[in-house]
Structures are given as C-alpha cells and as structure tokens.
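[1] Please find the sequence and the predicted model below.
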Amino acid sequence: MAQTIAIVGAGFIGLEVAATAAKAGKTVTVYEMQDRILARVASPAVSAALEARHRQAGVDLRLNEGVDFDSLDADVVLLGIGGLPVQGLAEAAGIACDGGILIDAQMRTSAPDVFAAGDCARGPTPYWDGPIRLESVQNAIDQANLIAGQIASADEETYQAVPWFWSDQYDVKYQLAGLIPPGTQQVQMGEGLDGMAIYHFAAGKLVACETLSNGAEHLSARRLLEFGSVPVSPTELETAGSLKAVFKARR
C-alpha cells in the first residue's frame, strides 16, 4: 500500500489530495514553482492561512521548487498542474476556437444551432473583462441550464450567473464569489481559518469575496454580486464589519 505521496502543483486539486492523504496518515510532499500555494486563484492572506494548516498537518510544502522526476522518491506521484481544453472535435467541425471553444453570451458557438458549455467553453461574463474559460461545477450547470432554455423555448436570455468556487481542505472550506482581477483594493475582516473574509473592490465596486469557513458571508457576497445595483463601499464595509451587518443596518 502506498505510503509516500508526491504532489506536483499547489492548486485546488493538489491541496485537496494532500489534505486527504495527510489525514489518512500518509507522508505527503507538495512541490510548487510559485512562492505561495494557490497563487493563481487566492489572495496572499488566504494562501498563508492554508499553508500554515497544511504544515500543521505534516505536509512538506516545497515552494519555489521544481521537480526532478528522475530522482523523485515516492510511491505515488500526482500531477495537479492545470488542464487544457479538449477542442479537437469542435475544430474538426470548423467551429471557432481560441483557448477553448468560443461562445457568445447565449452559449452559441460560431456554428448555427451548436452550443458549448463547461470547462472547454470560453466566452463573456459580466464579471470579467473579455472572454474567459471558467472551470467549475457551478458554471457548467448554469451554462447547461441556459442552453436548455434556448433550445426548449427560444429564450434570448444571456449568461449572467455569478461565478463561485469552493475547496475543502481538512476542516476548512475556502469559498470565492466573483472573479478577482489584478490590482483590486482589498478589505480584510478577521484572520486565520475560522471566518476570515477578504473583499475585493475595483473602481469602488465589490467584484469578489473570499472566505474561510464563513458560509454566511459567502452567500451574502453572492447575493450582492447578483444584484449589482446595490452598492457597498469599502468604508461602509469596514465600519459594519461584514456584508451581513451592512444589510442588517440598512433594514
């Protein structure tokens, strides 16, 4: 039975496997070329808090370090370094592709009556500047539901769903509502693994919220992003202490 596990990549997949393996008593080493875990998706404060939890569990996190597979000594090696869209079928059919199968706001491809959804589809969302490929269960389901409406009733609705993501590691649930563009203004409430929330503002508008084991605040952020006409300023948020408190004060 495997006892030593080497994981290449400290993204969601790699860290979730690391947590599960560590809880099962395995010897786990994670190699990451970036200087922090979850560097592509999470803010530095979230990375630091989760890094501490992994180290506490005995995971050997090797940051800023590549892997020499010729000398790697492990019973099992897992590569969690991201994925590429499989678009060969679409390309063979003459459908436009560019870093994914290109779609419009109604999930239509460049071919008449052909739709695409899920991780391989790349298209617009109100929460990002330009087309993007979203890799999440929520996105795949919401896009498929919109396509079903188009086919069944010629519905002209466009894709407006708030992107959200989660990752369970040990007893900690990381959740992200929205998408984090570069250069956001950040407001942090709380510290550590129990209830931390980081709010991201762009041009004074809330665009994303990260939480650690704080489901109520995550849901509040999703509702606020869905009804974007209700503004919340960084100052108001800092004064109230949470989105939930902001909403309560406005009643």
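    Done, it's in. Numbering: from 1, shown residues only.
[2] Compute the number of surrounding residues for Tyr199.
    27 (other C-beta atoms under 10 Å). Heads up, the C-betas are built off the backbone N, CA and C, glycines and all.
[3] residues in contact with the closest residue in space to it that isn't next to it in sequence?
    Sequence neighbours aside, Val187 is the residue nearest to Tyr199 in space, at 4.5 Å (criterion: C-beta to C-beta, 6 or more residues apart in numbering). By C-beta atoms under 8 Å, 6 or more residues apart in numbering, Val187 lies in contact with Ile198, Tyr199, Phe201, Pro234, Leu237, Glu238.
[4] Selecting buried members of those residues in PyMOL, what would you type?
    To isolate the buried subset of the contacts of Val187 in PyMOL, counting by 16 or more other C-beta atoms under 10 Å, use the following:
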select buried, resi 198+199+201+237
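[5] May I have the predicted confidence score for the residue most central in space within the chain?
    Taking C-alpha atoms, centre = their mean, the centroid of the chain lies closest to Phe165, which sits 4.5 Å from it. Per-residue confidence (pLDDT) for Phe165: 97.
[6] that's a helix at it, yeah?
    No: judged by DSSP: H, G, I helix; E, B strand; the rest coil, Phe165 forms no part of a helix; its state is strand.
[7] Hmm, it is touching Leu179, no?
    No: using C-beta atoms under 8 Å, Phe165 is not in contact with Leu179; the gap is 9.4 Å.
[8] Buried ones in the helix or strand the residue nearest to Tyr199 falls within, by neighbour count?
    Per DSSP states H and E, Val187 falls inside strand 185-189. For strand 185-189, the neighbour count (16+ other C-beta under 10 Å) marks Val187, Met189 as buried.
[9] going forward can the numbers begin at 6, since that is how I track them
    Yep, numbering from 6; the last one is strand 190-194 now.
[10] starting at the chain centroid, how far to that strand?
    18 Å (C-alpha atoms, centre = their mean, to the nearest Å).
[11] what's the following helix or strand after that strand?
    strand 202-207.
[12] Neighbouring strands of that following strand in the sheet, and parallel or not?
    According to DSSP bridges, strand 202-207 forms sheet pairs with strand 190-194 (antiparallel), strand 210-217 (antiparallel).
[13] The longest one: which residues count as buried?
    Just to be clear, that refers to strand 210-217. Using 16+ other C-beta under 10 Å as the test for burial, strand 210-217 gives Leu211, Val212, Ala213, Cys214, Glu215, Thr216, Leu217.
[14] what number of residues lie near the closest residue to the third one other than its chain neighbours?
    The reference is to Ala213. Using C-beta to C-beta, 6+ apart and skipping residues adjacent in sequence, the residue nearest Ala213 is Gly183, 3.4 Å away. The number of residues packed near Gly183 is 23, by other C-beta under 10 Å.
[15] do the same with the one 4 residues further on
    Other residues within reach of Pro187, judged by other C-beta under 10 Å, total 5.
[16] Kindly list the main-chain dihedrals of it?
    Pro187 adopts backbone torsions of phi -60, psi 150, taken as degrees, to the nearest 10.
[17] before we move on, the earlier item: pretty sure the residue nearest to Ala213 sits against Ala226.
    Yes: using C-beta under 8 Å, Gly183 is in contact with Ala226, at 7.0 Å.
[18] what sits in contact with each of these two?
    In terms of C-beta under 8 Å, 6+ apart, Gly183 and Ala226 are both contacted by the residues Leu211, Ala213, Cys214.
[19] Give me the phi and psi angles of the nearest residue to Asp109 once chain neighbours are set aside.
    Nearest residue to Asp109, sequence neighbours excluded (C-beta to C-beta, 6+ apart): Gly128, at 6.2 Å. Per-residue torsions, Gly128: phi -160, psi -170 (degrees, to the nearest 10).
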